[in-house]
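Asker: Have a look at this prediction, sequence included:
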Amino acid sequence: MARIFSGVKPSGHLTLGNYLGAMRRWAEVDQHRAEALFCIVDLHALTVAHDPARVRRLTRQAATLLLAAGLDPERCTLFVQSHVDEHARLSYLLECVATDGEMRRMIQYREKSAREQAKGGSVRLSLLTYPALMAADILAYGTEEVPVGDDQAQHVELSRDLAVRFNQRYGRTFVVPRATVPGVAARVMDLQDPTSKMGKSHESGTGIVYLLDEPEVVRRKILRSVTDSGREIVYDRAGKPGVSNLLEILAACEGGDPEELSGAYESYGALKKDAADAVVELLRPLRERHRELAADTEYVDEVLRSGAERARAVARPRVDAAHRAIGLLPPG
Ligand code: TYM
């Protein structure tokens with residue numbers, strides 16, 4: 001059976017982008033067809049200025065939402081990254097395989113470090129080395145497939161390069177992984193700025209649908225989304241980013257094709273209304289299930305505890321092997 005690994009970072013409230021680009025597939029498809037591990041990657045949330053209590057809160061909330069979205073602890077392993085030491089242990093070895101240049105080329109590093117500097121803040125070193133930790137997350141488990149949204153494809157590509165390089169230098173230790181990206185909604189865009197990604201850590205929330213937004217709030221955000229100049233409804237991501245984003249969201253909710261859907265609409269108003277209805281209905285069961293599970297923190301904690309135990313057992317032998325291969329003397 002294929003091995004799948006993916007993760008979500010508790011750096012903000014989870015969004016419709018996280019759900020359509022990643023989480024929904026994990027629950028509906030991936031956990032049923034593979035040996036799947038899903039991780040709340042809390043160490044990654046420390047790479048930018050953060051509030052400790054908030055990260056802790058968002059970590060439990062992300063776990064609760066993943067369970068509410070349908071991850072079944074009987075079918076997959078759900079755990080928190082910092083509960084399994086192997087991630088940090090392997091990350092350092094991969095930093096010794098990666099180069100400074102390839103880390104600096106990462107688009108997310110360039111964007112985020114520019115944003116931090118523009119705010120007058122300093123850039124944490126961990127923001128630069130982030131992809132080594134992400135590669136460790138993936139490679140520790142012998143992962144073959146990494147289901148992610150489009151924005152993470154470059155990081156998965158780097159994980160491939162590091163696996164290949166490590167294997168060449170030190171002997172075959174890692175499986176070489178590949179990213180799998182959804183056909184529709186691989187990059188859900190901000191409703192107020194459809195040329196940038198709907199991202200959970202953006203400051204203004206009016207263009208972002210959060211999974212736990214009240215239905216009226218979801219509706220309002222979608223109805224007020226910016227559209228493009230001209231009146232025709234056509235699917236053209238470069239020329240008509242606003243309309244195309246709504247068509248993708250609607251197609252992802254209904255399982256259709258954005259291009260085909262565009263033929264069914266003559267006005268922005270009708271498209272917005274249908275997209276709003278579809279998203280509200282899509283999120284309704286998730287919100288309801290989240291409410292039940294949030295009342296049972298003991299259950300969620302127990303899922304995470306046993307998930308970490310299982311994850312550790314999978315990761316440890318490979319990470320130990322990597323330590324030996326790279327030249328470290330095993331403890332006696
Ligand atoms: P994160 O937390 O930003 O996002 C989690 C997942 O959601 C996808 N995603 C989106 N998909 C479509 N449209 C969007 N607007 C959108 N926003 C987010 C992301 O592509 C991702 O799949 N570095 C990763 C977390 C990570 C990871 C890993 C992932 C750490 N280690 C190992 C896979 C394997 C991140 O920050 O994702």
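Answerer: Looks like it came in fine.
Asker: Any idea how many residues pack against Pro258?
Answerer: 20 (other Cβ atoms under 10 Å). For every residue, glycine as well, the C-beta is placed using N, CA and C.
Asker: Surely it and Gly183 touch.
Answerer: No - applying Cβ atoms under 8 Å, one finds Pro258 not in contact with Gly183, separated by 10.1 Å.
Asker: Look through the protein and state the residue closest to the ligand.
Answerer: Per Cβ to the nearest ligand atom, Gly21 is where the chain lies closest to the ligand, at 1.9 Å.
Asker: dump the residue contacts of the closest residue to that residue other than its chain neighbours.
Answerer: The spatially closest residue to Gly21, leaving aside those adjacent along the chain, is Gly149, at 3.0 Å (Cβ to Cβ, 6 or more residues apart in numbering). By Cβ atoms under 8 Å, 6 or more residues apart in numbering, the residues touching Gly149 are 17-18, 21-22, 181-182, 186-188.
Asker: now those in a markdown table, with secondary structure and neighbour count?
Answerer: As requested, those are arranged in a markdown table below (DSSP: H, G, I helix; E, B strand; the rest coil; neighbours: other Cβ atoms under 10 Å):
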| residue | secondary structure | neighbour count |
| --- | --- | --- |
| Gly17 | helix | 25 |
| Asn18 | helix | 25 |
| Gly21 | helix | 26 |
| Ala22 | helix | 26 |
| Val181 | coil | 19 |
| Pro182 | coil | 18 |
| Ala186 | coil | 19 |
| Arg187 | coil | 19 |
| Val188 | coil | 26 |
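Asker: tell me the secondary structure for Arg305?
Answerer: Secondary structure, DSSP: H, G, I helix; E, B strand; the rest coil: Arg305 is helix.
Asker: what sits against it?
Answerer: Arg305 is in contact with His83, counting by Cβ under 8 Å, 6+ apart.
Asker: Surely Tyr265 and Lys272 touch.
Answerer: No - between Tyr265 and Lys272 there is no contact under Cβ under 8 Å: 9.6 Å.
Asker: can you pull out the strands in the stretch 151-300 of the chain?
Answerer: 178-180 (DSSP state E, counting those that start in this stretch).
Asker: and it, which of its residues are near the ligand?
Answerer: Counting by Cβ under 6 Å from any ligand atom, the residues of the stretch 151-300 of the chain close to the ligand are 151-152, 155, 186-188, 197-198.
Asker: In the chain, where is pLDDT below threshold?
Answerer: Residue ranges of the chain with pLDDT under 70: none are present.
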